[in-house]
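Trainee: With the sequence up front, the predicted model follows.
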Amino acid sequence: MQRTAAVERNTLETQISVRLNLDGTGKSGFKTGVSFLDHMMDQIARHGLIDIEVTADGDLHIDAHHTVEDIGITLGQALAQAVGDKKGIRRYGHAYVPLDEALSRVVVDFSGRPGLAYGVDFTRARIGDFDVDLFQEFFQGLVNHAGITLHIDNLRGTNAHHQAETVFKALGRALRMALEPDPRMSDQVPSTKGSL
């Protein structure tokens with residue numbers, strides 16, 4: 001079974017295209033106009049072994065808000081499409097990732113219910129020209145449209161770049177664990193309800 005997806009989202013504010021292969025090798029390609037977000041999504045791809053391509057044309061002359069949020073939405077739609085009925089997956093994933101002084105924990109559940117618990121207190125408001133408030137918008141769009149529960153906690157860190165990078169690396173690792181086929185579940189949905 002191919003766990004791939006291709007999704008396009010076009011609004012008056014943004015035009016987004018996302019391609020995913022959940023059983024990839026971590027290849028990625030990004031052309032969004034938001035360089036730091038591209039760098040962070042590359043961490044998801046490489047550490048999650050998910051092939052991801054994202055192109056975006058957004059109203060960056062205003063700011064990056066619409067583009068970042070809509071990339072999260074479209075990536076979430078692609079994730080939901082690629083994972084399908086969730087038969088045979090582990091469903092839950094978690095990871096702790098350090099980078100020098102920073103440490104983050106990410107826990108994910110492919111529950112079918114969107115939920116975000118976000119505990120990241122960045123030590124500064126901007127990383128380069130990127131507004132760190134936009135990360136929460138990205139993750140909210142992602143969980144709403146992927147139908148996942150996501151708990152993100154930066155446990156410590158003084159360097160905002162390191163804080164962000166540990167979050168995205170941990171997300172990649174947590175997704176990899178949750179999406180991994182569980183040979184003991186074979187074609188069963190990992191829920192007592194029989195569906196997710």
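Mentor: In hand now; what should we look at? Residues are numbered from 1 along each chain as shown.
Trainee: Grab the nearest non-local neighbour of residue 186.
Mentor: residue 88 (5.7 Å; CB to CB, 6 or more residues apart in numbering). Heads up, the C-betas are built off the backbone N, CA and C, glycines and all.
Trainee: Number of residues surrounding that neighbour?
Mentor: Applying other CB atoms under 10 Å, we find 18 other residues in the vicinity of residue 88.
Trainee: residues touching it, list them.
Mentor: Residue 88 is in contact with 181, 182, 185, 186, 187, 188, counting by CB atoms under 8 Å, 6 or more residues apart in numbering.
Trainee: Arrange those residues in a markdown table, one row each, with distance to residue 27 and neighbour count as further columns.
Mentor: Converted to a markdown table, those look like this (distance: CB to CB, whole Å; neighbours: other CB atoms under 10 Å):
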| residue | distance to residue 27 | neighbour count |
| --- | --- | --- |
| 181 | 20 | 14 |
| 182 | 25 | 13 |
| 185 | 27 | 15 |
| 186 | 28 | 9 |
| 187 | 28 | 8 |
| 188 | 30 | 13 |
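Trainee: Just the ones of those in helices?
Mentor: Assignment to helices by DSSP state H places none of the contacts of residue 88 there.
Trainee: Closest to residue 57 out of these?
Mentor: Distance to residue 57 across those (CB to CB) is lowest for residue 181, with 35.7 Å.
Trainee: isn't that closest one right next to residue 89, touching?
Mentor: Yes: in this structure residue 181 lies within contact range of residue 89 using CB atoms under 8 Å: 6.5 Å.
Trainee: Tell me the secondary structure of residue 144, please.
Mentor: Of the three states, residue 144 takes helix under DSSP: H, G, I helix; E, B strand; the rest coil.
Trainee: Pull the number of nearby residues for it.
Mentor: Residue 144: 16 neighbours (other CB under 10 Å).
Trainee: quick one: contacts for residue 113?
Mentor: When contacts are counted by CB under 8 Å, 6+ apart, residue 113 touches 147, 149.
Trainee: can I get the contacts of residue 88 in JSON lines with distance to residue 160 and pLDDT?
Mentor: As requested, the contacts of residue 88 are exported to JSON lines (distance: CB to CB, whole Å; pLDDT from 0 to 100):
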{"residue": "181", "distance to residue 160": "36", "pLDDT": "93"}
{"residue": "182", "distance to residue 160": "36", "pLDDT": "93"}
{"residue": "185", "distance to residue 160": "39", "pLDDT": "85"}
{"residue": "186", "distance to residue 160": "44", "pLDDT": "83"}
{"residue": "187", "distance to residue 160": "44", "pLDDT": "83"}
{"residue": "188", "distance to residue 160": "42", "pLDDT": "89"}
